[in-house]
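Novice: Pasting the sequence and the predicted coordinates here, then a few questions.
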Amino acid sequence: MGKRILYITAFMLLTAGMVSCDKKDDTSINNGTETPTTPAEPAIEEDPADFPTMGFDENGASEALFSVSDSTKIRFARGNLQYQASTGTWRFAEHQYEYIGTDNERVSSTYDGWIDLFCWGTSGWNSGAVCYQPWSTSMNNNDYLLGGFASNSLTGAYEQADWGVYNAIENGGNEAGMWRTLGRFEWSYLRSNGKCAPATIGGKYAGVVILPDDWQTPEGLTYEHSNFSNIQVTNNYTFSEWQRMEAAGAIFMPAAGRRCYGTMIADIGSCGYFWTSNSYSCQGDTRAVFCYYRTIDQYPQMAYGTRNQGFSVRLVMDQD
């Protein structure tokens, strides 16, 4: 995060593990003739397209519930938020582990591809900030102050600056006001239940698994929680195994990287950054709150960073 991010405090846990096996070359002797053993069948590479997302309703909301306070339960969106400027269309990623990657460098008001890294408060609603469009790339942090004041968050009078409140999500019910962004204390509460841990999917996608309130690990699968210790955990799932995990309610937050210094993309596959709805509450500070994790250690963090960086957005729906 360099000089742009300060005052980092411990938040959740994360790493990504890989398991490998050395193939043993063995032979047997039969009547004095050396005969090689039958070679093992090569591993079949799975196509993620063969395993559609499970565990979400027709609006793209998780069927499982997650407590984010003593009195509030939410449902996660089926994937990270995505946007197409040429058509003004918002949607959720088809799979939880998917992200756009380096194509976010092409962000513009006319770009006909998809982006999924957004500066803070860029729902498209005119919040009084200089920059409020989802394609904004200004490197001036003060251009993203809602109403021109650092203390305003994506709530109350400025809730329309929240991507999920202001916009209709094409594959998420297609009505404005159905979704919202989690607050900083909700993220803290969520991880305090001890149901989050690092994982990889398909040997390719690194991130964090979050388990719902009522969780039972599917038969034949395993889940290991690191308990905020220094012990490295390994949760590796094939695409077919992950389909069973998410059908049981598991949520995956991918390491989609970030957009910084305008359009430069960094940390893809090694870090995940997710905006919260909160500005930093310290008087005179102009940053916003986000949570992030790195695959090189066990400790995802909550941090305060400049609003001109492009981070992932994972929306939630309140349970009535």
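Specialist: Cool, the structure landed.
Novice: which residues touch stretch 52-70?
Specialist: 73-79, 92, 94-96, 169, 171-173, 178, 182, 185-187, 189-190, 193, 210, 212-215, 243-244, 246-251, 316-317, 319 (CB atoms under 8 Å, 6 or more residues apart in numbering). Where you see a C-beta, it was placed from the backbone N, CA and C, and this is true even at glycine.
Novice: list the buried ones in it?
Specialist: Thr53, Met54, Gly55, Phe56, Asn59, Gly60, Ala61, Ser62, Ala64, Phe66, Ser67, Val68 (16 or more other CB atoms under 10 Å).
Novice: Stretch 192-206 now?
Specialist: For stretch 192-206, the buried set under the neighbour-count rule, 16+ other CB under 10 Å, comprises Lys195, Cys196, Ala197, Pro198, Ala199, Thr200, Ile201, Gly202, Tyr205, Ala206.
Novice: What's the mean pLDDT across it?
Specialist: Taken as a whole, stretch 192-206 has a mean pLDDT of 88.
Novice: quick one: terminal-to-terminal distance for that stretch?
Specialist: 21 Å (CA to CA, to the nearest Å).
Novice: thinking again about what came up before, would you list the buried residues of stretch 52-70 in CSV and tack on distance to Val130 and secondary structure?
Specialist: Below are the buried residues of stretch 52-70 laid out as CSV (distance: CB to CB, whole Å; DSSP: H, G, I helix; E, B strand; the rest coil):
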residue, distance to Val130, secondary structure
Thr53, 37, coil
Met54, 42, coil
Gly55, 40, coil
Phe56, 36, strand
Asn59, 34, coil
Gly60, 32, coil
Ala61, 34, strand
Ser62, 36, strand
Ala64, 40, coil
Phe66, 35, strand
Ser67, 37, strand
Val68, 32, coil
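Novice: shaky segments in this protein?
Specialist: Scanning the chain for pLDDT under 70 picks out 1-44, 226-232, 296-300.
Novice: Tell me where the longest strand sits in it.
Specialist: strand 271-279 (DSSP state E).
Novice: Counting by contacts, list what that strand packs against.
Specialist: Secondary-structure packing of strand 271-279 (3 or more CB pairs under 8 Å, 6 or more residues apart in numbering; DSSP states H and E): strand 180-181, helix 184-192, strand 251-254, strand 288-294.
Novice: now the angle from the second one to strand 288-294?
Specialist: Think helix 184-192. 30 degrees (axes from the mean of the first three to the mean of the last three CA atoms, to 10 degrees).
Novice: could you point out which element follows helix 184-192?
Specialist: Downstream of helix 184-192, the next assigned helix or strand under DSSP states H and E is strand 196-201.
Novice: Just checking: what are the partner strands of that next one?
Specialist: strand 205-210 (antiparallel), strand 236-237 (parallel) (DSSP bridges).
Novice: got the contact list for Ile210?
Specialist: By CB under 8 Å, 6+ apart, the contact set of Ile210 is Phe66, Phe76, Leu190, Arg191, Lys195, Cys196, Ala250, Ile251, Phe252, Met253.
Novice: what do you get if the cut-off is 7 Å, keeping everything else the same?
Specialist: Leu190, Lys195, Cys196, Ile251, Met253 (CB atoms under 7 Å, 6 or more residues apart in numbering).
Novice: for Ala288, same thing?
Specialist: Trp120, Trp275, Asn278, Ser279, Tyr280, Gly305, Arg307.
Novice: Mind listing the residues bridging to it?
Specialist: According to DSSP bridges, beta-bridge pairing links Ala288 with Ser279, Gly305.
Novice: do the same with Asp318
Specialist: The partner residues for Asp318, given DSSP bridges, come to Ile74.
Novice: I figured it was touching Ser71, is that so?
Specialist: No. The pair Asp318 and Ser71 fails to qualify as a contact (CB atoms under 7 Å) at a distance of 11.1 Å.
Novice: re earlier: just put the contacts of Ala288 in CSV and tack on neighbour count and distance to Pro134.
Specialist: Below are those laid out as CSV (neighbours: other CB atoms under 10 Å; distance: CB to CB, whole Å):
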residue, neighbour count, distance to Pro134
Trp120, 32, 11
Trp275, 28, 12
Asn278, 21, 19
Ser279, 27, 19
Tyr280, 20, 22
Gly305, 25, 18
Arg307, 28, 13
